[in-house]
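> All I have is the shape, not the residue letters:
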């Protein structure tokens, strides 16, 4: 079964949703037959490489929220994150455009490290005040994962993988995705948002059952059995 | 290999199917590697706790069968049951809703006695005129199996395991089950009804072979051999 997850980095529900999805997957009996593909999405492509201000200022200016609304939102989301074992620190967040980071994620994908890289960037952004728009930071994450510094730097200094990032975003649009995280199961079921674990669990079970219908081992459809209208003879 | 069997108690083909399946399993070479899970199903959830009438009256009233049709069905099924060593006595049957009995079966499962409890209830219902809707009867079966009377009575007086029974029934629906007994092998093969022993035997063999493919002991895929396009050199 193939699962695609569209998400951005500066997306607090994406990290929370990642944890909830992971919980559901860990307890899913066919987890070893599930392929997970992380796909790129940008919530705010218009952001400058580096925004000169705090996350609160960014949200106030760009989204028209008052500082008090932003504060309430942070409190709520931080609590939800804590429920998943995540230690969000909104005060330390560095606001940056995520395009280069998405190109970096596609490089990591070539090595089979997309998920690990995604996890590092989300944790860096939300828990450790890291600047995901900084090439030096991405190089550090890349080398920690085992990539050659040269390869990461050369890639990020070029526009390599820019088309892949744009293709992901276009594909999301084609599928009708308007917010992230967005989970697609076998290109058949969609789940929008950081839903409770049981929503993911039920969808996994449903999608699996539909793509793996039981093969009937008996010739006649019903056999000697009992149903709602009584028993066959 | 995992085998799940959905069945109800007031289901004459379920007991017969149980015997036929057991015969197939007893002669299956990998029987020690087969796990059997009994799952709950209710043919008639609308039945009152106790139906005031005979099995014949119940079937006539609820299923729209004439007394003579019911009689023919009893004769046929009793003959089939006798062929499996079961001594059905339709005249003595006590008609009752099976929900509480299914909760009892889930309690037995906790102790590892689901199969023994199922066997007792089926025999009690079809061979000995026992009332499977009676808490006192279920307590007796439980204590005979080795449970503490207190535990059985407390469980049945509460709604413990009700969710488990409902979950089993919902899962049957997801799998497309519309009648019982219904056998599911490794969530891949389905067998509907009390099929002949050889249908179970063949399905066991088939499912086993597929989940245990031959491990190739040679490195190259083909070796020096001949195929449709000729022979390797």
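Looks like it arrived, so ask away. The structure displayed is predicted, hence computed values, not measured ones. Residues are numbered from 1 along each chain as shown, chains lettered A, B, ... in the order given.
> what sits against the closest residue to residue A:29 other than its chain neighbours?
Closest residue to residue A:29 apart from its sequence neighbours, by C-beta to C-beta, 6 or more residues apart in numbering or on different chains: residue B:187 at 7.9 Å. Any C-beta I mention is one placed from the backbone N, CA and C, and that applies to glycine too. By C-beta atoms under 8 Å, 6 or more residues apart in numbering or on different chains, the contact list for residue B:187 reads A:29, A:212, A:214, B:2, B:4.
> again with residue A:218
If you count contacts by C-beta under 8 Å, 6+ apart, then residue A:218 has B:191, B:192, B:193, B:195, B:199, B:203 around it.
> I figured the last one hits residue B:189, correct?
Spelled out, that is residue B:203. Yes: with contacts counted by C-beta atoms under 8 Å, residue B:203 reaches residue B:189, the gap being 5.4 Å.
> Quick check: neighbours shared by those two?
Among the neighbours of residue B:203, those also in contact with residue B:189 (C-beta under 8 Å, 6+ apart) are residue A:217.
> name the helices or strands packed onto the host helix or strand of residue A:25?
Residue A:25 belongs to helix A:12-26 when elements are defined using DSSP states H and E. The contact analysis (3 or more C-beta pairs under 8 Å, 6 or more residues apart in numbering or on different chains; DSSP states H and E) places helix A:12-26 against strand A:2-7, helix A:67-83, helix A:114-127, helix A:197-211.
> lowest confidence element among the helices and strands of chain A?
Across the helices and strands of chain A, mean pLDDT, DSSP states H and E gives its lowest value to strand A:230-231, namely a mean of 76.
> where does chain A dip in pLDDT?
Across chain A, residues meeting the criterion (pLDDT under 70) sit at A:220-222, A:233.
> Output the set of residues of it in proximity to chain B.
For chain A, the contact set with chain B under C-beta under 8 Å from any C-beta of the partner chain comprises A:29, A:205-206, A:209, A:212-218, A:220-233.
> Just want the residue of chain A that's nearest chain B.
Residue of chain A nearest chain B, by C-beta to the nearest C-beta: residue A:223 (2.0 Å).
> check contacts around the residue lying closest to that residue once chain neighbours are set aside.
Take residue A:223 and drop its neighbours on the chain: the residue closest to it by C-beta to C-beta, 6+ apart is residue B:193, 2.0 Å away. Neighbouring residues of residue B:193 by C-beta under 8 Å, 6+ apart: A:218, A:220, A:222, A:223, A:224, A:225, A:232, B:13, B:17, B:179, B:181, B:182.
> Could you provide the contacts of residue A:218 in CSV, with additional columns for distance to residue A:76?
Below are the contacts of residue A:218 laid out as CSV (distance: C-beta to C-beta, whole Å):
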residue, distance to residue A:76
B:191, 51
B:192, 50
B:193, 54
B:195, 56
B:199, 57
B:203, 53
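> and of the residues you listed, the nearest to residue A:62?
residue B:192 (59.3 Å; C-beta to C-beta).
> Counting neighbours, what do you get for the closest residue in space to that closest one that isn't next to it in sequence?
Using C-beta to C-beta, 6+ apart and skipping residues adjacent in sequence, the residue nearest residue B:192 is residue A:223, 4.9 Å away. Per other C-beta atoms under 10 Å in any protein chain shown, the neighbour tally for residue A:223 reads 22.
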